[in-house]
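**Q** dropping the sequence and predicted coords here.
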Amino acid sequence: MCRHRTAARIVTRFANPTVPGPLNDDAVEHTWPSFQGTLEDLLLSDDHAQWVDEVSVRVQVIAGSKDPLMDHGFLRRLDQRSSVRLDLVPGGHDLPLRDPGTCISEIRAAATSFGVTV
């Protein structure tokens, strides 16, 4: 793929049109500047909130209520969008390791609400 990045961008956009364009384009770059830029755009700034509006599927966000790495205010703002549903559950950043049962229950509940049988 690295030798054919232009073709990969085009193919991956058609293969999964629900992925926002900028995220798709960065995914095929495999370079440090691309990774760093994606990290900053996706995780470290509010600018990526606009990407949520480009997603054509519902998004379920499950986060630990005591996770010091999460921007809970930002997650609550995302929750105001029609395509996003936020569930804050008791726990920290290691929630999936410390309480996998809660994570599984939340994922099953989300899948059921999306009409998927698990």
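**A** Okay, I see it.

**Q** tell me where the chain has strands.
**A** Applying DSSP state E to the chain gives strands spanning 59-64, 84-89.

**Q** can you list these in JSON lines and add distance to residue 5 and mean pLDDT?
**A** C-betas here are computed from N, CA, C, even on glycine. Shown next, in JSON lines, are these (distance: least, Cβ to Cβ, whole Å; pLDDT from 0 to 100):
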{"stretch": "strand 59-64", "distance to residue 5": "27", "mean pLDDT": "87"}
{"stretch": "strand 84-89", "distance to residue 5": "30", "mean pLDDT": "88"}
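
**Q** and of those strands, who's closest to residue 114?
**A** strand 59-64 (7.6 Å; Cβ to Cβ).

**Q** the closest one packs against which elements?
**A** helix 72-79, strand 84-89, helix 95-98, helix 100-113 (3 or more Cβ pairs under 8 Å, 6 or more residues apart in numbering; DSSP states H and E).

**Q** compare the ones you listed and give me the one nearest residue 10.
**A** strand 84-89 (28.1 Å).

**Q** tell me what the closest one is packed against?
**A** So strand 84-89, by 3+ Cβ pairs under 8 Å, 6+ apart, packs with strand 59-64, helix 72-79, helix 100-113.

**Q** list the buried residues of the first one.
**A** When burial is assessed from 16 or more other Cβ atoms under 10 Å, strand 59-64 yields the following buried residues: 60, 62, 63, 64.
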